[in-house]
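Trainee: need the 3D shape of this:
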Amino acid sequence: MEIETKPSASESTPEPTETTEATADGDFTAAEWANPVTNPGELLTTVEGTNFTVDVYQVGTDIATSGGQFVDPDTMELLLAEGDEIVFVNYVATNTSDADIPLSASLVNMTARYADWKYMQGMDAVVDFDLDEKMGINRTAIAPSKAVAPYIWKAGESFSFGQNFKYQPDSAITFAASLTESDAEGDLDHDTRQEVKVETTIE
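Mentor: Here you go, the predicted structure:
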């Protein structure tokens with residue numbers, strides 16, 4: 001772990017895997033502006049910043065119901081095509097400090113990248129709210145109609161959100177968490193930026 005400042009479509013259609021039913025975990029206290037915390041799946045790793053952590057859970061897999069946005073510049077084929085198997089991960093972020101952390105609408109930004117990912121852009125995802133609900137993840141951490149930034153993240157509070165990307169079982173992957181606090185107006189205070197990376201394996 002370090003702290004810094006600053007494939008082709010499947011020939012056959014795989015069956016979706018079983019997933020863990022999402023429930024609010026008693027170990028987590030949701031921020032008042034956040035959706036209820038869910039923690040389905042199995043814990044893969046924990047990303048640790050100076051004043052926060054992000055638990056990363058592998059939830060399950062399903063079939064992409066649409067294609068992504070990015071193409072291979074050599075073949076002009078979609079990097080994530082309809083019918084590909086995708087994996088869902090869930091992030092549970094917790095303020096581990098003794099102080100409030102003011103956040104912009106960006107909250108804690110999470111990115112995932114396979115070790116063999118050769119493209120400059122990030123890994124593509126499918127936008128499908130029905131799949132998100134099936135997997136028991138929040139597409140966004142912020143609850144509808146809640147206050148605008150700054151979002152005050154109190155000590156000990158958590159929020160959760162998930163994402164999906166193409167499934168490569170037994171692949172090395174890096175998860176990066178970046179947090180930039182906000183000023184009183186809800187704008188980013190870039191002097192506070194921290195980025196944490198941790199390597200693990202998608203099962």
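Trainee: low-confidence stretches in the protein?
Mentor: 1-26 (pLDDT under 70).
Trainee: what distance separates the start and the end of stretch 70-77?
Mentor: Taking C-alpha to C-alpha, to the nearest Å, stretch 70-77 runs 8 Å from one end to the other.
Trainee: same deal with stretch 33-51?
Mentor: 19 Å.
Trainee: check which residues of it are buried.
Mentor: Under the neighbour-count criterion of 16 or more other C-beta atoms under 10 Å, stretch 33-51 has 33-35, 37-41, 44-45, 47, 49, 51 buried. (C-beta placed from N, C-alpha, C; glycine too.)
Trainee: now do the contacts for A115.
Mentor: S171, A172, I173, T174, E199 (C-beta atoms under 8 Å, 6 or more residues apart in numbering).
Trainee: what pairs with the strand ranked longest in the chain, parallel or antiparallel?
Mentor: As assigned by DSSP state E, the longest strand anywhere in the chain is strand 101-114. Using DSSP bridges, strand 101-114 pairs in its sheet with strand 151-153 (antiparallel), strand 171-181 (antiparallel).
Trainee: what packs against the helix or strand just after it?
Mentor: Going down the chain from strand 101-114, the next helix or strand is helix 129-135, by DSSP states H and E. For helix 129-135, the packing partners by 3 or more C-beta pairs under 8 Å, 6 or more residues apart in numbering; DSSP states H and E come out as strand 52-63, strand 85-95, strand 157-166.
Trainee: quick one: buried residues of helix 129-135?
Mentor: Of the residues in helix 129-135, L131, D132, K134, M135 count as buried by neighbour count, 16+ other C-beta under 10 Å.
Trainee: now those as JSON lines including distance to L188?
Mentor: Converted to JSON lines, the buried residues of helix 129-135 look like this (distance: C-beta to C-beta, whole Å):
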{"residue": "L131", "distance to L188": "31"}
{"residue": "D132", "distance to L188": "27"}
{"residue": "K134", "distance to L188": "34"}
{"residue": "M135", "distance to L188": "30"}
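Trainee: mind picking the two most distant members of those?
Mentor: Within the buried residues of helix 129-135, two members stand farthest from each other by C-beta to C-beta: D132 and K134, at 7.2 Å.
Trainee: shared neighbours of these two, anything?
Mentor: With C-beta under 8 Å, 6+ apart applied, the contact sets of D132 and K134 do not overlap.
Trainee: so which of the buried residues of stretch 33-51 are in strands?
Mentor: Per DSSP E, the subset of the buried residues of stretch 33-51 in strands is L44, T45, V47.
Trainee: ok, the closest residue to the second one other than its chain neighbours - how many residues close by?
Mentor: If the residues on either side of it in the chain are set aside, T45 comes closest to T200, at 4.2 Å by C-beta to C-beta, 6 or more residues apart in numbering. If you count neighbours by other C-beta atoms under 10 Å, T200 ends up with 16.
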